[in-house]
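1. When you get a sec, could you give me coordinates for this:
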Amino acid sequence: MPDLDRTFAALSDGTRRAIVAQLAEGESSLSDLAEPFDMSLTAVSKHVRVLNEAGLVSVSKRGRTRYCRLEAEPMKDASDWLDDYRKFWVDRFGALARYLNEEP
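-> Numbering: from 1, shown residues only. Predicted coordinates:
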């Protein structure tokens, strides 16, 4: 479960979620990733490092430029984990609806 903990911790920050959303469109240079944010390149690099450590982003260097790419497998694991609870709540709400719709 430590990988799942890292995934949720990495995605708990809005800036990191925005970076993931950008990378869902395709590979991007670090400087292009930083462009929409009102923060330094160093600050964005720290966010990318957290995503990288969680396995959500891979970083490669070509020349002097670092490129980032989304690695979605950890999010699939998180989604699968959450899906079990979604099924639980759908069943519970369905049972509640049936109970409330019963005639007294």
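2. So for the top helix by length along the chain, mean pLDDT?
-> Among all segments of the chain classified by DSSP state H, the helix with the greatest residue count is helix 73-101. Within the predicted structure, the mean pLDDT of helix 73-101 is 87.
3. Residue 4: neighbour count?
-> Neighbouring residues of residue 4 were enumerated by other C-beta atoms under 10 Å; the total is 15. Glycine gets a C-beta too; all of them are placed from N, C-alpha and C.
4. I'd guess it is in a helix, am I close?
-> Yes. The secondary structure assignment for residue 4 places it in a helix, going by DSSP: H, G, I helix; E, B strand; the rest coil.
5. For the longest helix of the chain, list every residue counted as buried.
-> Of the residues in helix 73-101, those with enough neighbours to count as buried (16 or more other C-beta atoms under 10 Å) are 74, 75, 78.
6. Which single one of those is nearest to residue 4?
-> The nearest member of the buried residues of helix 73-101 to residue 4, counting by C-beta to C-beta, is residue 78 at 6.1 Å.
7. ok, now which ones touch that closest one?
-> Shown here is residue 78, whose contacts under the criterion C-beta atoms under 8 Å, 6 or more residues apart in numbering are 4, 7, 8, 11.
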